[in-house]
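Asker: Here's a sequence, model it:
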Amino acid sequence: FSIMLSSAATAAVVGRAMSLRLRSSLTSSLGSSPCFSTASTTATPLFTTSLPALRLTRNGHVRVIAAGCRFMSSDIETSIKNIRNVGISAHIDSGKTTLTERVLFYTGRIKEMHEVRGKDDVGATMDSMELEKEKGITIASAATYTSWKDHNINIIDTPGHVDFTIEVERALRVLDGAVLVLCSVGGVQSQTITVDRQMKRYNVPRIAFINKCDRPGANPFNIVKQLRTKLNHNAASVQLPIGLEDKMTGVVDLIRNKAYVFGGKQGMDVEVSDVPDDLKELYAEKRHDLIAALADVDEEIADLYLMEEDPSEDVLVAAIRRCTIARTFVPVFIGTALKNVGIQPMLDGVVDFLPSPDEIENIALDADDESSKVILDSVDKTKPFVGLAFKLERGQFGQLTYLRTYQGVLRKGDFIFNTRDNKKVKVPRLVRMHSDSMEDVQEVHAGEICAMFGLDCASGDTFTDGTHKVTMESMYVPDPVISLSIKPKNSKDLEAFSKAINRFQKQDPTFKVHLDPNSRETIISGMGELHLEIYKEMMERDYNCPTVTGKPKVAFRETIQGQSKFDYLHKKQSGGSGQYGRVIGEIIPLTGEDAGKLEFVDETVGTNIPKTFIPSIKKGFEEACEKSVLTGHPAVGIKFVLRDGVTHPVDSSELAFRLAGIGAVRQAFETAAPCVTQPVMTVEITAPEEYQGSIIGDLNKRKGTILDSETSDNSVTIKAEVPLNDMFGYDSDLRSNTQGKGEFSMEYTRHEVAPNNLQNELVQTYKDELSGRNK
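Answerer: Numbering: from 1, shown residues only. Down below sits the predicted model:
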């Protein structure tokens, strides 16, 4: 029930010093109560939360405020309609973690707000790693849950740095909706584009939140324009800011025709009033823009728009929800997380506009026939269980596996099967995660996210109850772009070093390890210098294993630019049965999206080569490409077409044809216009305008190509493409050139042909290495 207290009632309550008893009574009797406005003596319900407490506002009203409560499926069964699985993603330093901290506070999940970088010696809730608190960045995605307006919300806070992009990939793979956070000054930046591309890859509906509107130069409407032009979204603001920069105090709701002003300690007092007179003209203009944007994609709104009728609040909310879920519209919210403005209305947007799990079509593949698709039913609880392990991490009690349930019910003690290896495992413990803390539950239903201990699996594995074999499509894993050698500083730490390497490989698909067969060094590869540096520090902190690393190496590749035919005979006779295998065909360059792949095509007709030898030839082709002939780097972008061959009745074998495949590639490679390619990065630099000349000069020295330069409010944003090989040490050079006022982000774009002088240098270095080994 609701409680309505006038100022007289307030005086009575306060005068008799009954607030503590009344609070206790309300807490025990109310399951959910609204917060009240301080704008009038008649209380107006605003943002619903749970477990109420009383607060006396500055004009004498009692407000019922919440400490928040989440009902777990093991306690009270929550309707799937009331579940939201949401990710918070953005460019680095857009305020994602600060926003998540406010969300947890206003929903009552935490009692106090703390700041990023651990300025108060505590740090943000979602940055639980010591490294995250020290560096002020999110390194690993963190999961939590909370409740808002009788809805359970599972939240995953993701990193903004491109080096940890796999964390965003796996979060978006299992989420139903997302909040795209943008800085009101920086707007759409390089990693914003990457995150948006990832959302499109997994068909994730999103709302946008323009954060940091308290910054000098804040211009939220310019950011809405960038969403439309740079990301091609049909985006429109659903709010107006009341003031900007240091004068921002609230927002105007374009849907409900109300103004919300946030005051009091930590923005807890929300005053509701009519639209201020000085904003009425802008309100009419932006509401018209909102309706026009919806009319382009929604029939009901289009009909009203053509008849010049103003849609009601309910009609507008329903239309925005329909179009957001259909990914034809992006509603844009405005606020500043640091100054506690606009968070509660954004939470309303999550509930009102983002989908519940049953509104998203989840498709699995038949494990025996991957071309056959199986639509999963998240509503019927009697259906067989299906879940996806999307994240692994080292927990207090062993490996912790994060699981998204797509169908059926998973209970503690159940036996489940890993589709990849058909292993049967028991679920010894089910927990819900809140950053680095956990709460035990007895069962989870479809649409929910949980974690389990004691499962030996890999990231991306599908689990079922064993009654039917299906597999979920795995996430996209980008290739590493940088490598370096690593070894423990002390030989006694070899065991700890090995444990750390194995753990990191299991939990991070972009972290690769191999042993160089020539130098006998352990080589680790990742998405950037920071990525590998973090793992190096984690070895020392978590495993007490200090390490020594070599100079970073760029992930060069080799490819071909022309076609070349081969007719290769592998023949060896040394007493007894020999080796004989002849292969005929050609190699062809792959272009476009396939330029980083290898393709094997069998076009043989008849039985000149028995089909049992074809896999061996393919294996030989792939083995030859692992270490190519020019520089020893992997070869990519090659299509191997096998057309004919010859066998010997006695001497032909799988080994002979594997070696014939290797020889054929090496024979044809030299005449197919081979070349070396290097990774090219998109670099985005933001700095004060007066340093523009020195920044561009430095980029030119690094063989960079300037793509765009945009000046706004005495700040310049420069976008360029620069070879990764020329980007080492750029961080310190940028600090020097801008007196520490510049910042940059870098993202892999593609591989392109390296300059001739660099190719010659790499070829000569490889020849010297080979000749040194032969001495």
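
Asker: low-scoring pLDDT stretches of the protein, where are they?
Answerer: Low-confidence segments of the chain, defined by pLDDT under 70: 1-78, 115-138, 160, 370, 394-398, 434-436, 518-519, 575-576, 713, 773-775.

Asker: By residue count, what's the longest helix in it?
Answerer: Criterion DSSP state H: the longest helix present in the chain is helix 756-774.

Asker: Check the offset of it from the chain's centre.
Answerer: How far helix 756-774 lies from its chain's middle: 39 Å, per CA atoms, centre = their mean, to the nearest Å.

Asker: just stretch 605-615 next, same as before
Answerer: Taking the mean C-alpha point of stretch 605-615 and that of its whole chain, the gap between them comes to 44 Å (CA atoms, centre = their mean).

Asker: picking that back up, what helices or strands is the longest helix of the chain leaning on?
Answerer: On a contact count with 3 or more CB pairs under 8 Å, 6 or more residues apart in numbering; DSSP states H and E, helix 756-774 meets strand 674-688. Yep, even glycine has a C-beta here, placed from its N, CA and C like the rest.

Asker: Kindly format the C-alpha coordinates of the strand it packs on as PDB.
Answerer: Written as PDB, here are the backbone C-alpha positions of strand 674-688 (Å, rounded to 0.1, in the frame of the first residue of the first chain):
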ATOM      1  CA  PRO A 674      54.200 -13.200 -51.600                       C
ATOM      2  CA  CYS A 675      54.300 -10.200 -49.200                       C
ATOM      3  CA  VAL A 676      54.300  -9.300 -45.500                       C
ATOM      4  CA  THR A 677      51.400  -7.600 -44.000                       C
ATOM      5  CA  GLN A 678      51.300  -5.600 -40.800                       C
ATOM      6  CA  PRO A 679      48.500  -4.600 -38.300                       C
ATOM      7  CA  VAL A 680      47.100  -1.100 -38.700                       C
ATOM      8  CA  MET A 681      45.400   0.600 -35.800                       C
ATOM      9  CA  THR A 682      42.700   3.300 -35.700                       C
ATOM     10  CA  VAL A 683      44.100   5.900 -33.200                       C
ATOM     11  CA  GLU A 684      42.000   8.600 -31.700                       C
ATOM     12  CA  ILE A 685      43.700  11.400 -29.800                       C
ATOM     13  CA  THR A 686      42.000  14.100 -27.800                       C
ATOM     14  CA  ALA A 687      44.000  17.100 -26.600                       C
ATOM     15  CA  PRO A 688      43.800  20.900 -26.200                       C
END
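
Asker: Next, the buried residues of it.
Answerer: Residues of strand 674-688 classed as buried under the neighbour-count rule (16 or more other CB atoms under 10 Å) are 674, 676-687.

Asker: Taking helix 756-774 as reference, get the angle to it.
Answerer: Computed with axes from the mean of the first three to the mean of the last three CA atoms, to 10 degrees, the direction of strand 674-688 lies at 120 degrees from that of helix 756-774.

Asker: Tell me which helix or strand comes right after strand 674-688.
Answerer: Reading on from strand 674-688 to the C-terminus, the next helix or strand found by DSSP states H and E is helix 692-701.

Asker: and that next one, what other elements does it pack with?
Answerer: Taking 3+ CB pairs under 8 Å, 6+ apart as contact, the helices and strands that helix 692-701 lies on are strand 674-688, strand 705-712, strand 715-723, helix 730-738.

Asker: any chance of these in CSV, plus distance to residue 747?
Answerer: Supplementary listing: the helices and strands packed on helix 692-701 in CSV, determined by distance: least, CB to CB, whole Å:
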stretch, distance to residue 747
strand 674-688, 5
strand 705-712, 13
strand 715-723, 10
helix 730-738, 14
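
Asker: looking at those, which is closest to residue 652?
Answerer: Of all the helices and strands packed on helix 692-701, strand 674-688 sits nearest to residue 652, with 29.7 Å by CB to CB.

Asker: Who are the packing partners of that closest one?
Answerer: Secondary-structure packing of strand 674-688 (3+ CB pairs under 8 Å, 6+ apart): helix 190-201, strand 557-560, helix 692-701, strand 715-723, helix 730-738, strand 743-753, helix 756-774.

Asker: hmm, back to that, rebuild the buried residues of strand 674-688 as TSV, extending it with distance to residue 716.
Answerer: Listed next are the buried residues of strand 674-688 as TSV, based on distance: CB to CB, whole Å:
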residue	distance to residue 716
674	41
676	34
677	31
678	28
679	26
680	22
681	19
682	17
683	14
684	11
685	8
686	7
687	6
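
Asker: ok, those vs residue 330, which is closest?
Answerer: residue 684 (21.9 Å).
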